[in-house]
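S.K.: Need a 3D model of the following:
(2 chains)
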2 protein chains.
Amino acid sequence: MEDLQQLRQKNLETIFYPKSVAIVGTNKVKGTVPHDILDSILKADFNGIVYPVSPREKSIKGIKAYKYVVDVPDDIDLAILVFPSSVCHMALEQCGQKGIKSVIIISAGYKEVGEAGLKREQQLVAIARKYDMSFIGPNCLGVINTVPETNLNASFAREMPEQGNIGFLSQSGALCTAVLDYASAKHIGFSKFISFGNKADISEIDILYYLMNDEETKVILMYLEEVSDGKALMKAARDVIEKSGKPILIIKSGRTDEGASAAASHTGSLTGKDEICDAAFEQAGIIRCNNIEEMFNKAIAFAYQPPPKSEKIAIITNAGGPGVLTTDAAISTGLKLAKFSEETTSILKKALPATANINNPVDVIGDARSDRYLAAINAAFDDADVAGVFVILTPQSMTDIDTIAADVARIAEGQSKPIYTSFMGQKDVASGIDILQTHKIPHYILPESMCTAFQVVYHFNQNVKTKVRHLSALDNIQVELARKLMDKVHANGRSYIPEVETIEVLETYGLPVPQGKLASTADEAVKIAEEIGYPVVLKVVSDDIIHKSEVKGVELNLGSAKEVKDAWERIHSNVKKAMPDASITGLYVIRMIKGSEEIILGIKRDPSFGPVLMFGLGGIFVEIFKDVSFGVAPLSRDEAMHMLEQTRAFKILKGTRGRNPRDMDSIVDALLRLGQLAVDFPEIEELDINPLFVLDKGQGSVIGDARMILTKTV
Amino acid sequence: MEDLQQLRQKNLETIFYPKSVAIVGTNKVKGTVPHDILDSILKADFNGIVYPVSPREKSIKGIKAYKYVVDVPDDIDLAILVFPSSVCHMALEQCGQKGIKSVIIISAGYKEVGEAGLKREQQLVAIARKYDMSFIGPNCLGVINTVPETNLNASFAREMPEQGNIGFLSQSGALCTAVLDYASAKHIGFSKFISFGNKADISEIDILYYLMNDEETKVILMYLEEVSDGKALMKAARDVIEKSGKPILIIKSGRTDEGASAAASHTGSLTGKDEICDAAFEQAGIIRCNNIEEMFNKAIAFAYQPPPKSEKIAIITNAGGPGVLTTDAAISTGLKLAKFSEETTSILKKALPATANINNPVDVIGDARSDRYLAAINAAFDDADVAGVFVILTPQSMTDIDTIAADVARIAEGQSKPIYTSFMGQKDVASGIDILQTHKIPHYILPESMCTAFQVVYHFNQNVKTKVRHLSALDNIQVELARKLMDKVHANGRSYIPEVETIEVLETYGLPVPQGKLASTADEAVKIAEEIGYPVVLKVVSDDIIHKSEVKGVELNLGSAKEVKDAWERIHSNVKKAMPDASITGLYVIRMIKGSEEIILGIKRDPSFGPVLMFGLGGIFVEIFKDVSFGVAPLSRDEAMHMLEQTRAFKILKGTRGRNPRDMDSIVDALLRLGQLAVDFPEIEELDINPLFVLDKGQGSVIGDARMILTKTV
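M.R.: Model prediction:
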């Protein structure tokens, strides 16, 4: 498997940097894919040799054509297959015979059309394996490499994009054309551009690793409809960020159930729960975006400008209103207004007219020309408290828009602090914006987008990129004993495992199980109670009873032998009344916990990300407010703590307004142990600890109840 | 006052539709405001006579100029003052002498520059009063009326905007230029365009009323930095919506404290709490927007297309990915995907290729040309379940973008269902988008904006426009008794009024005060307890003690005479220990309430909106989650109920998962009575009922504690 991945990396290099390309299945019919691909390559001025392969034509566009790929007399680095899917496998076989290792399969008619297509796709994979080939596709738009020494537009995109340092890969081919068009108007350049289609062989994971090492790429963008292997995606993202420091921005569609089902009918993708995807992306450092606009707004901030050192900005504007709106947006996004030094304000006072506002936000006033903007920007750059400058412009009659744009671009060069711009309006400011975009100065229509972009770059550089992930080994884990217990509970084919047995398993992983024992008689119950100390709780134990409270099978706060005996009788008679046929194994006697906060911990298995941990404060917080957080197992200690911090309930655990701080370390520890258990025992489909009684800081926590659901043994 | 308002309406009519205009203080210096205003009027081809008034020039731009406005031999409808503020008042005086009633004062140098400017501004107002004149400004950009029979561009905007049915008014002049430029590029037309500046005379309220009756205006947009009279704004908005059904969209900047302080340094505006502004706008039916883009995205939906009859949409796309993203956005916004009838799907099946998706979202596939789009749109329009159609387009090589745009425009004409579009990309789709915008088809860059616009129009037409507001009279209100009590508590100059006296006042307004009385001795306390029934609560009453619990001055759940007596002793000894010098009036004996939900009600006075009511669930909900809602008094019953619905805590009151539904009617009633009290007694600065014990549905509620803060008697 490792070999296969290495092979793909090697073959990807040739996909992007081929010296010779065969277009297999091309023709002379303009407006068709087989023709347009050849046309794209020629138009983009490919720096190598193109060999048209066409069973019918002797030449296409003045270039000699070959009947079969094996007929080409020279070596071929990359084959692009555009034959119909009915014959594509034969062409691929010939590519293998010819010794071609790198292939792009543009042709559609595979997995996306159902069962027959899926078979054809598997056939392609088998052929590739036979000849050590790797391919992108099928059902894709192709690949672009803008590096001048290659200049490869092996796609049916209308135009070659500008060169740049953004790598883009997409599961949807159609979206690619919209992205290229959007980027072209804004002078956004790309290093590599990949439509990976059905990813039958080379996947988005392989491409991520390729772009990690690609020197031309500084920022990686992706559009995904399906996370087929969430674990692998997380690992790849972590590797990329750790080893290269490159940010990864992903649009993952199918947020809502309806969207997911539209995606399913579109590509046959299966998606898991969206909140889990959110959590997993954040855990892996991936920046999730909702649409193309948002993605590029953030991408240009990463690609064009140095990262800010703090969240303190200076705003320079020629109109008060927009200055206020930008301030609102900045504060709402979590940024701060830099506080100017006396030196800065005195410089501004000299440079600007008396009516100007020399505090932050600086208002250079409506009749400002470039000189005033320059003076204000320079002063802001020089102020130690300023980590970045936002330039706002409204088109007034005196405003020399293009000059200001050019001057901003000039002044930004070589700066160690970022500068972002928003020229408000559209028609009058269009040429100014074009100057900014040509010179790679981030420009934003909305102050909100500008502030969010700044915040994201800051957060990524301060917190994500530098994060070191420790997966510390847990002590006190008895895997073999757990295995024995699991085999036992699994043996009789049950999938629902009730409290006592679940707690036995949890104990082997060092989770804080309650003091208590199963009692068969009232006297035994009293004896256990005296051992562990009053007050105690009695709970009915029965394979037939799932909801113990509903049959009145639980009695709390029993303070004496008499109370235990009375409760014993009451529970038996209650259960007999509610479920006469239920067979009672006995009653569970545990120590009563008081003065604690009740929380809920859980394990759920996601089809894409595997075992996922859930945390929430008990009662109405989970029931009514859905105030829960998720984390993909195994967790680092920081990640587990972050799960707590993400909930609104965190404030309660932290202790505030006369409430005691609770033992959060014990919750973190429980999450880590649960995560390990979930990883070690894939048969655990679900597990709930509800409640976990969390005591005051330093006092630990105790499980109140637990149950698990196992995969049915087949 | 009523007369003044009527006068302003009459004079506004002449401001917008003058037959003759004097530009008072104009000159020949290009690039200066006095010159450019004259230039704007002439360039826009004004349908009336312009009289330049200039002390120095004999003629300007070939038009005869007059030294003073009184020298003009003909009648003048509108004077536009562009003199420096030092002499402007003399020009205004002359306008009055000349009998001119309508004036625009462009000149700056008034309130916005401080005390001296404010005085000059007051001078202008006094002159206007003397001559029954009305004026817009000072410190504004001017006024535009696009109606062809007038064609007035009395502003220093670079270009006359297109004619349209959107009225726009702005407190910020600089923002106007950005708005005009933005709108011009998108073919967004205006009916009236007003920069109202310092609003020393004619205010945004007057203009709102004017636009209410203006037949050219269908949608009203406003940019505000300061709500100087919140009550009047709410009343005007309600009048406009009720009488004309026109939506009002407002950007109110200064959301954050920092933004508000930037606004303050910019215009000297004072802003109240932003959450209260949010609540007040919603209550009045005003649609609050965060930025220009958002405002116009919503405005064009109102202005261009019929309102949807339901929230069910059909999505037509030529690319799966964007279809999924749009579906996600729609569901997240609260829209639904329409369910096609069998007839519709069979029509689509015939019209579209086999690979197309004939369910909603409809995918007409990448190679679709206009015919396929048309067939799909028509089928969707004809489906009874579809209330609106979203057309998504990505630029593929086969896509005839401009034809599709023109066909969409044609097909939309005369339709009773709205159609919105999103042509994704930028450069390739630019001409198509221009065709759409020219034909008043709403176009959106983001699916999110498209869905939000649809949702806002739907909500406004279904819920806001049709809402009838009943301010029902409340029974059982003893105003005179309340007056007497308030005079008493107010008499000794106290501002903090403790529990017992506050509760006495609340009782006169029919609020659910607890059963209980003040006791001076332990025996008296027992007697009261026996009267009202056990269990009871004892609380210390003392002018010196604000926090009763902190001095251990409260004892709960006392079930017998003995317990009451013991508690009596304990409280006295606790208080003596904690605050030896406190003088104790007695102990308050009230009935103990059990099994209730604790909520908090309050009155706060906002500088702009007056008395505001606050509602929140007690405990951590208010303390930690700030889960509160606001409403401006007086409230209608619906508005009070809406305050409950807006909180997350509403789910708890409604009863869910085994919880009893609580008596929400009694909360609503309490809010209405509190609102009335706040309106009747302006000296109440703050009042808190904390907690109000809310019992099960039908059982009412009881005040647990209350206190108020009065304005200090001066």
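S.K.: how many other residues sit next to the residue of the stretch 401-550 of chain A found nearest chain B?
M.R.: Nearest residue of the stretch 401-550 of chain A to chain B: A:Gly425, at 2.9 Å (C-beta to the nearest C-beta). Bear in mind the C-beta positions are built from the backbone N, C-alpha and C, glycine included. A total of 24 residues lie near A:Gly425 under the criterion other C-beta atoms under 10 Å in any protein chain shown.
S.K.: repeat for A:Ser85
M.R.: A:Ser85: 20 neighbours (other C-beta under 10 Å).
S.K.: Please give me every residue in contact with it.
M.R.: A:Ser107, A:Ala108, A:Gly109, A:Tyr110, A:Gly117, A:Arg120, A:Pro138 (C-beta atoms under 8 Å, 6 or more residues apart in numbering or on different chains).
S.K.: what about the helices in the stretch 201-350 of chain A?
M.R.: In the stretch 201-350 of chain A, helices defined by DSSP state H, counting those that start in this stretch lie at A:204-213, A:230-244, A:257-267, A:274-284, A:292-304, A:320-333, A:342-351, listed in chain order.
S.K.: I figured A:Met222 hits A:Leu249, correct?
M.R.: Yes: A:Met222 lies in contact with A:Leu249 (C-beta atoms under 8 Å); the separation is 7.2 Å.
S.K.: Secondary structure element for the closest residue to the residue of the stretch 401-550 of chain A closest to chain B other than its chain neighbours, which one?
M.R.: Using C-beta to C-beta, 6 or more residues apart in numbering or on different chains and skipping the chain neighbours, the partner closest in space to A:Gly425 is B:Asp181 (2.9 Å). Per DSSP states H and E, B:Asp181 falls inside helix B:173-185.
S.K.: show me where the stretch 451-600 of chain A has strands.
M.R.: Shown for the stretch 451-600 of chain A, the strands assigned by DSSP state E, counting those that start in this stretch span residues A:496-497, A:516-519, A:536-541, A:554-558, A:586-591, A:597-606.
S.K.: ugh, typo on my part, it should be the stretch 101-250 of chain A
M.R.: Under DSSP E, counting those that start in this stretch, the stretch 101-250 of chain A gives strands at A:102-105, A:134-136, A:142-145, A:152-155, A:163-170, A:190-195, A:219-224, A:248-252.
S.K.: Please work out which of the ones you listed is packed deepest.
M.R.: strand A:102-105 (a mean of 29; mean count of other C-beta atoms under 10 Å in any protein chain shown).
S.K.: List every C-alpha atom in it, with coordinates, as PDB.
M.R.: Output of strand A:102-105 as PDB, limited to C-alpha atoms (Å, rounded to 0.1, in the frame of the first residue of the first chain):
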ATOM      1  CA  SER A 102       0.800   8.500 -16.000                       C
ATOM      2  CA  VAL A 103      -2.700   8.900 -17.300                       C
ATOM      3  CA  ILE A 104      -5.600  11.300 -17.100                       C
ATOM      4  CA  ILE A 105      -9.000   9.700 -17.900                       C
END
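S.K.: buried residues in stretch A:483-502?
M.R.: Within stretch A:483-502, the residues that qualify as buried are A:Leu485, A:Met486, A:Val489, A:His490, A:Ile497, A:Pro498, A:Glu499, A:Val500, A:Glu501, A:Thr502, counting by 16 or more other C-beta atoms under 10 Å in any protein chain shown.
S.K.: which phi and psi does A:Glu686 have?
M.R.: When read as degrees, to the nearest 10, the backbone of A:Glu686 gives phi -150, psi 150.
S.K.: if I look at the residue of the stretch 1-150 of chain A found nearest chain B, how far off is A:Val50?
M.R.: Closest to chain B within the stretch 1-150 of chain A is A:Asp36: 6.2 Å, counting by C-beta to the nearest C-beta. Using C-beta to C-beta, to the nearest Å, A:Asp36 is found at 14 Å from A:Val50.
S.K.: Spit out the contact partners of A:Glu683.
M.R.: A:Met486, A:His490, A:Leu710, A:Thr711.
S.K.: Give me the distance between it and A:Met486.
M.R.: According to C-beta to C-beta, A:Glu683 stands 7 Å off from A:Met486.
S.K.: Over to A:Pro138?
M.R.: A:Pro138 is 43 Å from A:Met486, by C-beta to C-beta.
S.K.: now do A:Glu225
M.R.: 36 Å.
S.K.: before we move on, what about A:Lys697?
M.R.: To A:Met486, A:Lys697 is 33 Å away according to C-beta to C-beta.
S.K.: Over to A:Glu531?
M.R.: 28 Å.
S.K.: for the residue lying closest to A:Phe302 once chain neighbours are set aside, what are its contacts?
M.R.: Of all residues not flanking A:Phe302 in the chain, A:Val219 sits nearest, at 4.6 Å (C-beta to C-beta, 6+ apart). Neighbouring residues of A:Val219 by C-beta under 8 Å, 6+ apart: A:Asn165, A:Ile166, A:Gly167, A:Lys246, A:Pro247, A:Leu249, A:Ala299, A:Phe302, A:Ala303.
S.K.: What residues does the stretch 401-550 of chain A have near chain B?
M.R.: Proximity of the stretch 401-550 of chain A to chain B (C-beta under 8 Å from any C-beta of the partner chain) is limited to residues A:Met424, A:Gly425, A:Gln426, A:Lys427, A:Asp428, A:Val429, A:Ala430, A:Ile445, A:Leu446, A:Pro447, A:Glu448.
S.K.: quick check, the second one in a strand?
M.R.: The reference is to A:Gly425. No: according to DSSP: H, G, I helix; E, B strand; the rest coil, A:Gly425 belongs to no strand; its state is coil.
S.K.: tell me the angle of the helix or strand A:Gln676 falls within relative to strand A:597-606?
M.R.: Assessed by DSSP H and E, A:Gln676 sits inside helix A:664-680. Orientation check (axes from the mean of the first three to the mean of the last three C-alpha atoms, to 10 degrees): helix A:664-680 against strand A:597-606 gives 20 degrees.
S.K.: Counting by contacts, list what helix A:664-680 packs against.
M.R.: helix A:479-491, strand A:597-606, strand A:610-617, helix A:637-646, helix A:650-654, strand A:684-694, strand A:701-703 (3 or more C-beta pairs under 8 Å, 6 or more residues apart in numbering or on different chains; DSSP states H and E).
S.K.: before we move on, back to that, and the helix holding B:Asp181, what's its mean pLDDT?
M.R.: Mean pLDDT, computed over helix B:173-185, is 89.
S.K.: got a list of contacts for it?
M.R.: Contacts for helix B:173-185 (C-beta under 8 Å, 6+ apart): A:318-322, A:366, A:394-396, A:424-430, B:139-141, B:155, B:157-159, B:161-162, B:168, B:170, B:188-190, B:193, B:195, B:197, B:223, B:292-293, B:296.
S.K.: Could you rerun that using 6 Å?
M.R.: The contact list for helix B:173-185 (C-beta atoms under 6 Å, 6 or more residues apart in numbering or on different chains) reads A:319, A:321, A:366, A:394-396, A:424-428, B:140-141, B:157, B:161, B:170, B:195, B:223, B:292.
S.K.: low-scoring stretches of chain A, by residue?
M.R.: Low-confidence segments of chain A, defined by pLDDT under 70, span residues A:1-2, A:263-272, A:623, A:657-658, A:713-714.
S.K.: hmm, what's the outermost residue in it?
M.R.: A:Lys562 (57.4 Å; C-alpha atoms, centre = their mean).
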